[in-house]
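Colleague: This is a predicted model, with the sequence first.
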Amino acid sequence: MFFYSPNFIVFMLVLLVPYLIFKKQRLVLLAAANALFYAVHPEGFIVLFLGMCLLTFAIVHLMGRPGWRWLFWVGIILNVLNLALFKYTIFALDNLKLLGFQSAWSDAFADSIVLPLGISFYTFEFISYLVDVRRGDSKPTRSFFEFWVFVSMFPHLIAGPIMRGDELIPQLDKLSERKIGWAEMKYGVYLFTLGVIKKLVIADQLSPIVKEYFDKGASLTGTESWIAAYVFSFFIYNDFSAYTDMAIGLGIMLGVRFADNFKSPYLSGDPSEFWRRWHITLSRWIRDYIYIGLGGNRKGRFRTYVNLLGAMLVSGLWHGAMWTYVAWGGIHGLLQVVHRLSLGLNRFGWIAAIRKSRPYRVVAVLVFFHIVTWTWVFFHAPSIEVALDMTWKMLHAHIDNVVTHPTFVLIVCLFAVHIAEYLLRKYEGTVGRTWRYVPFPLRSAVYLIVVVGLIYYSKGDKYEFIYFQF
């Protein structure tokens with residue numbers, strides 16, 4: 001059920017009316033709506049999801065009893081095995097084939113596996129909840145309804161943001177007392193509409209271009225490889241951040257605030273900043289439960305670099321069961337290590353001064369944008385061989401051929417839109433106050449243009465959000 005489909009609009013309206021009227025029943029309404037939303041997807045595996053939810057809920061409460069602390073590891077292992085079974089079994093069997101291990105049974109078993117929708121996201125939420133309760137960072141809820149709503153909130157269930165118990169459950173505790181004002185509804189609609197625009201007008205229009213280029217594989221030229229990487233960079237950002245905008249907007253309409261997941265990541269000047277701006281909730285999950293769990297920066301410089309690399313490899317593998325994703329994560333891990341090493345140069349005052357200057361910032365953003373653009377080749381290429389081939393050609397491409405390519409104008413426009421979005425979100429309070437002074441007929445005309453434009457684009461080809469496959 002697409003967020004912008006007529007079916008979903010009807011679903012949301014049918015939920016909102018009683019939700020706003022019967023405040024005391026909001027948790028029950030959300031629990032039912034979440035189950036219905038997930039169940040209508042044939043690949044949802046609602047029984048599996050409910051089963052893992054009940055299992056994790058029970059373990060969280062039992063492991064707090066004297067002598068039952070070991071159940072924590074049972075919960076972790078079962079959740080990891082559940083994810084591994086559906087997401088990594090085919091990957092493991094394919095690699096065993098390369099070593100000569102193959103049977104009719106393994107082939108039949110691999111063909112029968114279907115990846116349940118949102119399994120990577122809800123598994124990470126289960127694991128973080130188990131860890132946070134064990135650490136004492138989160139107090140376990142005694143209501144299964146509340147726990148189910150926490151992990152299954154339909155706006156963010158399928159592709160994030162990845163929420164934590166101490167962020168969402170306290171909001172659910174106060175949901176029956178929450179007053180959802182008109183201003184919040186308007187802001188929620190604004191964010192939802194912004195997401196729909198990014199999805200329909202930008203991402204879905206770029207999707208066939210991405211396919212056209214990457215389908216060429218090894219026949220791509222160096223110039224075409226750069227164009228393919230550029231287009232995919234803006235496609236994946238607008239597609240994924242569109243889902244997040246819609247999810248946050250829907251949450252606000254329901255009186256719940258989800259964590260931010262993007263902050264104009266292509267305006268980052270270094271790897272650390274990029275991961276503070278891109279898929280923020282996954283980045284902090286990897287930091288808090290993998291990097292810090294491995295020792296963080298507490299065990300010496302060399303161990304810090306190993307931990308950084310290990311954490312990013314996990315991030316890559318989380319995205320998909322392919323060596324290309326592992327390579328992509330490893331490259332970002334190496335970038336993090338190189339960046340950490342380069343910070344030692346700041347002991348020279350003149351270097352630190354240059355790095356703080358505006359010209360350096362502009363150059364750093366442009367250079368790092370191209371580095372990130374190159375890394376996306378490994379993320380989306382069908383194989384390591386194709387990614388390496390594209391990389392070699394990109395290194396030998398002539399810059400004048402790239403900038404004179406007809407599609408390069410589109411790339412420049414997309415980067416300008418990225419900057420415009422950054423400014424809009426940064427100053428949206430000022431923009432909102434100013435917008436009120438625009439004459440009503442003119443505002444109505446703009447709203448009409450947006451609605452008509454979205455109706456027009458919604459009639460074209462529709463593409464699933466790319467992060468649904470993770």
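Modeller: Happy to help now that I have it.
Colleague: Quick test: name the residue nearest the centre of the protein.
Modeller: Most central in the chain under Cα atoms, centre = their mean is residue 279, positioned 4.7 Å from the mean C-alpha point.
Colleague: Let's see the pLDDT reported for it.
Modeller: Here the pLDDT value assigned to residue 279 is 93.
Colleague: what's the spacing between the residue nearest to it when sequence neighbours are not counted and residue 159?
Modeller: Spatial nearest neighbour of residue 279, chain neighbours left out: residue 261 (6.1 Å); criterion: Cβ to Cβ, 6 or more residues apart in numbering. For every residue, glycine as well, the C-beta is placed using N, CA and C. Distance of residue 261 to residue 159, computed by Cβ to Cβ, to the nearest Å: 9 Å.
Colleague: same deal with residue 360?
Modeller: 35 Å.
Colleague: Which one's more surrounded, those two?
Modeller: The neighbour comparison of residue 360 against residue 159 (other Cβ atoms under 10 Å) goes to residue 159, with 25 against 14.
Colleague: So for that one, what's the nearest residue that isn't a sequence neighbour?
Modeller: Nearest to residue 159 is residue 467, by Cβ to Cβ, 6+ apart, at 4.0 Å.
Colleague: Let me know whether that neighbour touches residue 157 as I believe.
Modeller: No. Assessed by Cβ atoms under 8 Å, residue 467 is found out of contact with residue 157, at 11.8 Å.
Colleague: what about residue 39, distance to residue 13?
Modeller: Going from residue 39 to residue 13 by Cβ to Cβ gives 19 Å.
Colleague: These two: who's more crowded?
Modeller: Taking other Cβ under 10 Å, residue 39 and residue 13 do not tie; residue 39 has more neighbours (14 against 9).
Colleague: Nearest residue to that one in space, please, no chain neighbours.
Modeller: In space, and not counting its chain neighbours, residue 39 is closest to residue 46: 4.5 Å by Cβ to Cβ, 6+ apart.
Colleague: residues contacting the one you found?
Modeller: Residues near residue 46 by Cβ atoms under 8 Å, 6 or more residues apart in numbering: 35, 38, 39.
Colleague: what's the helix or strand for the first one?
Modeller: What it means is residue 35. Residue 35 is part of helix 26-39 when elements are defined by DSSP states H and E.
Colleague: dump the residue contacts of residue 319.
Modeller: Residue 319 makes contacts with 325, 328, 329, 379, 470, as judged by Cβ under 8 Å, 6+ apart.
Colleague: try residue 29
Modeller: Counting by Cβ under 8 Å, 6+ apart, residue 29 touches 15, 18, 19, 22.
Colleague: what separates the residue nearest to the last one when sequence neighbours are not counted from residue 284, distance-wise?
Modeller: Right, the one you point to is residue 22. Distances taken as Cβ to Cβ, 6+ apart put residue 29 closest to residue 22, at 7.4 Å, once the chain neighbours are dropped. To residue 284, residue 29 is 30 Å away according to Cβ to Cβ.
Colleague: low-scoring pLDDT stretches of the stretch 1-150 of the chain, where are they?
Modeller: 1-2, 42-44, 94-113 (pLDDT under 70).
Colleague: ok, 80 please
Modeller: The stretch 1-150 of the chain contains residues with pLDDT under 80 at 1-6, 40-44, 89-115.
Colleague: what pLDDT does the residue nearest to residue 279 get?
Modeller: For residue 261, the model assigns a pLDDT of 93.
Colleague: give me phi/psi at it?
Modeller: phi -120, psi -20 (degrees, to the nearest 10).
Colleague: Correct me if wrong: it contacts residue 281.
Modeller: Yes. Between residue 261 and residue 281 there is a contact under Cβ under 8 Å: 5.5 Å.
Colleague: who touches both of the two?
Modeller: Residues touching both residue 261 and residue 281 (Cβ under 8 Å, 6+ apart) are 160, 161.
Colleague: from what I can see residue 90 touches residue 321, true?
Modeller: Yes. With contact defined as Cβ under 8 Å, residue 90 counts as touching residue 321 (6.5 Å).
Colleague: Residue 451: neighbour count?
Modeller: Neighbours around residue 451, by other Cβ under 10 Å: 11.
Colleague: buried stuff in the strand or helix carrying it?
Modeller: Following DSSP H and E, one finds residue 451 within helix 440-458. The neighbour-count check on helix 440-458 (16 or more other Cβ atoms under 10 Å) flags 454, 457, 458 as buried.
Colleague: got a markdown table for those residues, with pLDDT too?
Modeller: What follows is these, written out as a markdown table (pLDDT from 0 to 100):
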| residue | pLDDT |
| --- | --- |
| 454 | 84 |
| 457 | 80 |
| 458 | 80 |
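Colleague: any chance of those in JSON lines, plus distance to residue 222?
Modeller: Shown next, in JSON lines, are the buried residues of helix 440-458 (distance: Cβ to Cβ, whole Å):
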{"residue": "454", "distance to residue 222": "37"}
{"residue": "457", "distance to residue 222": "33"}
{"residue": "458", "distance to residue 222": "37"}
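Colleague: how is this structure carved up into domains?
Modeller: 6-178, 183-458 (automatic domain parsing).
Colleague: Please enumerate residues in contact with the helix or strand harbouring residue 196?
Modeller: Per DSSP H and E: residue 196 is located in helix 182-197. For helix 182-197, the external contacting residues (Cβ under 8 Å, 6+ apart) are 3-4, 241-253, 255, 450, 454.
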